[in-house]
Every structure is written in structure tokens, then in C-alpha cells.
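Visitor: sequence and computational prediction follow.
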Amino acid sequence: MDPKVEQFMARIKAKNPAEPEFHQAVQEVAESLIPFIEEHPRYKHAKILERMTEPERVIMFRVPWINDKGEVEINKGFRIEMNSAIGPYKGGLRFHPTVNLGILKFLAFEQVLKNSLTTLPMGGGKGGSDFDPKGKSDNEVMRFCQSFMTELSRHIGPDTDVPAGDIGVGGREIGFLFGQYKRIRNEFTGVLTGKGLQWGGSLIRPEATGYGAVYFADEMLKANGDSLKGKVAAVSGSGNVAQYTVQKLTELGGKAVTLSDSSGSVYDPDGIDAKKLAWVMELKNIRRGRIKAYADHFGCEYFEGKRPWHVKCDVAIPAATENEIEKGDAETLVKNGCKVVSEGANMPSTPEAIEVYLNARILYGPGKAANAGGVAVSGLEMTQNSMRLPWSREEVDARLQTIMKNIHQTCVDHGTETDGFVNYMKGANIGGFVKVADAMLAQGVV
């Protein structure tokens, strides 16, 4: 490791102990940015990177609620307002037992760069709770969301901080959260994104992260004279992002052959076509079942407790959670002929896995670039709310495709090395940083 990166990380770890995910996210960015900052002293003297790694505000609160047995339960609530140099804080809420301060700081830090790459005026934030919606009744989820929003409402607003959904926070949760905000504040504003279409939501928003990851993969291939047509893809996860990744892959002529959840993965060599995908959506979104049921129903292989990265594929789209591709998985992917990794999830590849991709010189689209489609359409939802005008599906999808093309171009501009190889990770980090850094310089030491 570069001694300057090492010194910087030693300070980060000392100031933020016991937050390994945050350390990992910062180090991955610092390795690209510190050499760049050394060449641009204005960023160094103003300590821009040091300021960007320190949240502007961290809000922590208790969330008491009553379960269906009439018992009081208590969860932790968080909101990390990381950086507002280019717009209101923007980023999802995650409800999952693993949620803690370090994970949310990593997500908020990534969000700052991701939002910058979209070119839309959005700062970065993230929040959530260690509440687990799985196994809870609709009434329990509603009571939790109402308690959570009662506290959060004093810290957010359409021009201050605009949360969205994330893991464990879908349309149901956004509805309950929005209803409580409206009741408390007595105003109908675009304070949350991912809303229902009838009350301020945007067409394509549920699809956007998955669609965007596929568009980004296609852009990387096109830049190399190829396309997704005829490509076999391994996709992890089976929630919102994975579902729409499979849908868009199929539309563009690719073939998705895997899905997974926390219990294991399925491998369907015939491909997950539109009819099978509709069955998966009903299983996951309505029945809330396990992916094993897919293997039982369609008669294909199921791998208990295994992720899908051992399956032979041309394209890998991790769309489940952080650090799901480890070094051995990455080596297997490369050995099996995988040429493209486009990250639908946030930080799904470990640093060792990323090293494997870069050494093999495959096309690697990091999450902050490849999955920025979700927050991009959230930004478009904010615009529609401000204008009080909905856009058609075609218009939103066209804007999403343009944004993903622009993000790809930014990565190419900042990440092309002397031999012509595009280091998309370096390009995304520098491209995302420059816009925020210049805004911070213009606004003084704040």
C-alpha cells in the first residue's frame, strides 16, 4: 500500500474504531484518490478528502413500538447526513438486523460519490434501523415505521434530506413512513422517494437499480465492440434489484441463469425467462418465500448455503449485499470465462476480489457507478414532485439510459490508463470526487 494511503487510513481507523465496512469503503476510494490529490494541491491543502470522510451530522435515536402481543419492543434508528455540498442529503433507509453505525457510514460515503456521478443535484446520506421486517405482520411494520418517522421527521425535508428505500424498505414501508410524515408535518412534499405511483412516485423507480446495472454492463461491452446479446449472466439476490436485472438482461438478449437468497442459490441453465421471472416476483414479493421453491417448481439445481459464483457465465451481476464475492469466488468467475462484473449491490466485492478483476483486466463496474440508476431515478422523482408533473415510462427510461451512459463516459474520462485499459473503479472514484470537491472549495470551510 502507498505510504500516504497507509497514513491516511491509520487516522481514519483511529477516529472511527470498530467500523470495518467504513474502513473498507474509504480505503478503496483513498487508493484511487490520494495519488490524484497529490497532483492537485488545492484539494490537499483544503483537506477535502478528510472532510468528506467525516459526516456532517450523525443522528441516532431509539424506536419503541408495540408488537401484536401488546409488548413493547425497542430498536435503534440512524440517519447519517454525510455531505450536502451539491444538494440535499439523499440515500436509502435500510431495515435489517445487521444495521449498525459503521455499515451506514460506509453506505453514506459511497452515496456521496454515487450521487455526484449521476450529475443530479443530490448530496449523500444513509439511514435505517436494526429492525427486521421479515416475519412481522403489516400492522407491526406500520407501528414500527410510524415510531421511526416520528423522530426522523424533524431531521428531513424535500430541501434538506430525502430518504428512499433500501434492503428491508420497499413500497409498503415507504407508504407507512410517508403517511406518518404527512400527518406530523401537515404537508404533502417529495420528502421520500420510491413512493406509490398514485401519490407522487415515478415510473421505472422500482426497476431503476437493476436496469441501470444492466445498462452499465452493456455500455462497458459496447465500448469494447460487443453487447449483452447472447451472454450468459449469473445474478445474485432475488429481491427488487435482482428481479429487474433479470428482466432487462432478457430484454437486451442476455440470459440470466441464477438467483439466490440467504439460504442458497438456484441454477437454471435454460434461463430465467419472463414467465419464470413473474413466478419469482410472486414468490418473493407476495408470498415472501425462499428461492429454493423455484428449484422445486421448475426442476433445476439448488445449492444450499451457496452463492452462485461457481456457475459458468460471461457476466456477473451481484445484486444481493456487501462482500458477497470473495477472492476465491472472483478467481472462479475469471477461470470460468467471466468477462464483465457490474455491481447491482453496494460494495458486493471484497478488496481481494477487486484485485483479481483488475489483474485479469476484465470489465469491472463498481457499485457507485453501476448501481447509480436507482438513486438517479430517485432524483428524477424529486424533480417530478417539485414540478407537480409525472413523466411517462418511456421518458424516465430514456433519461435513465442517458444518465448511465454519462456515468460510463465519466469513468472512461478519469479511468483510462496509458495502455488504453479502463479502470472503472479509479474513474468512478475520481469522477465522483471532483464535482463534490470543487463545490466544497467554492463554499469555504464549512
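Guide: Okay, I see it. Numbering: from 1, shown residues only.

Visitor: use CA for all of it now, contacts and neighbours both
Guide: Fine.

Visitor: check A360 and give its pLDDT.
Guide: Looking at A360, its pLDDT reads 98.

Visitor: would you quantify the distance from it to T118?
Guide: 28 Å (CA to CA, to the nearest Å).

Visitor: break the protein into its domains for me.
Guide: Here the domain parsing of the chain from automatic domain parsing is 3-52, 57-188, 208-370.

Visitor: quick check: which element contains the nearest residue to T53 once chain neighbours are set aside?
Guide: Leaving aside its sequence neighbours, T53 sits nearest to F109 (CA to CA, 6 or more residues apart in numbering; 6.8 Å). For F109, the host element (DSSP states H and E) is helix 101-117.

Visitor: what packs against that helix?
Guide: Applying 3 or more CA pairs under 8 Å, 6 or more residues apart in numbering; DSSP states H and E, we find helix 101-117 packed against helix 20-39, strand 72-83, strand 89-95, strand 124-129, helix 367-370, helix 424-442.

Visitor: given the fourth one, what are its sheet partners and their directions?
Guide: Paired strands of strand 124-129, with direction, are strand 72-83 (antiparallel), strand 89-95 (parallel) (DSSP bridges).

Visitor: got the contact list for it?
Guide: The contact list for strand 124-129, computed with CA atoms under 8 Å, 6 or more residues apart in numbering, reads 75-84, 88-97, 99-100, 104-105, 107-113, 115, 161, 163.

Visitor: 6 Å - rerun?
Guide: 76-83, 89-95, 99, 104, 108, 111-112 (CA atoms under 6 Å, 6 or more residues apart in numbering).

Visitor: give me the low-pLDDT residue ranges for this protein?
Guide: Within the chain, no stretch has pLDDT under 70.

Visitor: what residue is smack in the middle of the chain?
Guide: Centroid-nearest residue in the chain: N346, 4.4 Å away (criterion: CA atoms, centre = their mean).

Visitor: tell me which helix or strand that one sits in.
Guide: Assigned by DSSP H and E, N346 belongs to no helix or strand.

Visitor: A233 now?
Guide: Element membership for A233, per DSSP H and E: strand 232-235.

Visitor: other residues contacting that strand?
Guide: Outside strand 232-235, the residues that reach it (CA under 6 Å, 6+ apart) are 255-259, 313-318.

Visitor: what's the answer for stretch 26-33, then?
Guide: Residues outside stretch 26-33 that contact it (CA under 6 Å, 6+ apart) are 426, 429.

Visitor: and stretch 30-44, what's buried?
Guide: 30-34, 37, 43 (16 or more other CA atoms under 10 Å).

Visitor: meant to ask about stretch 388-395
Guide: For stretch 388-395, using 16+ other CA under 10 Å, the buried residues are P390.

Visitor: distance between that stretch and the chain's centre?
Guide: Stretch 388-395 sits 23 Å away from the centroid of its parent chain (CA atoms, centre = their mean, to the nearest Å).

Visitor: next: stretch 202-219.
Guide: Counting by CA atoms, centre = their mean, stretch 202-219 comes out at 12 Å from the chain centroid.

Visitor: can I get that stretch in CSV, CA atoms only?
Guide: In CSV, the C-alpha atoms belonging to stretch 202-219 read as follows (Å, rounded to 0.1, in the frame of the first residue of the first chain):
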residue,chain,number,x,y,z
SER,A,202,-42.1,7.8,-10.5
LEU,A,203,-42.5,5.2,-13.2
ILE,A,204,-39.3,3.0,-13.5
ARG,A,205,-38.2,3.7,-9.9
PRO,A,206,-38.6,0.1,-8.7
GLU,A,207,-36.8,-1.1,-11.8
ALA,A,208,-34.1,1.5,-11.9
THR,A,209,-31.2,0.0,-10.0
GLY,A,210,-31.4,-3.4,-11.8
TYR,A,211,-32.0,-1.7,-15.2
GLY,A,212,-29.1,0.7,-14.6
ALA,A,213,-26.7,-2.1,-13.7
VAL,A,214,-27.6,-3.9,-16.9
TYR,A,215,-27.3,-0.7,-19.0
PHE,A,216,-23.8,-0.1,-17.5
ALA,A,217,-22.7,-3.6,-18.3
ASP,A,218,-23.9,-3.1,-21.9
GLU,A,219,-22.1,0.2,-22.1
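
Visitor: how far away is the spatially closest residue to the residue nearest to the centre of the chain that is not a sequence neighbour from E110?
Guide: Spatial nearest neighbour of N346, chain neighbours left out: G367 (5.3 Å); criterion: CA to CA, 6+ apart. Distance, G367 to E110, by CA to CA: 9 Å.

Visitor: repeat for V341
Guide: For V341 relative to E110 (CA to CA), the value is 18 Å.

Visitor: can you check K231 too?
Guide: From K231 to E110 the distance is 29 Å (CA to CA).

Visitor: who's more crowded, these two?
Guide: Taking other CA atoms under 10 Å, K231 and E110 do not tie; E110 has more neighbours (27 against 17).
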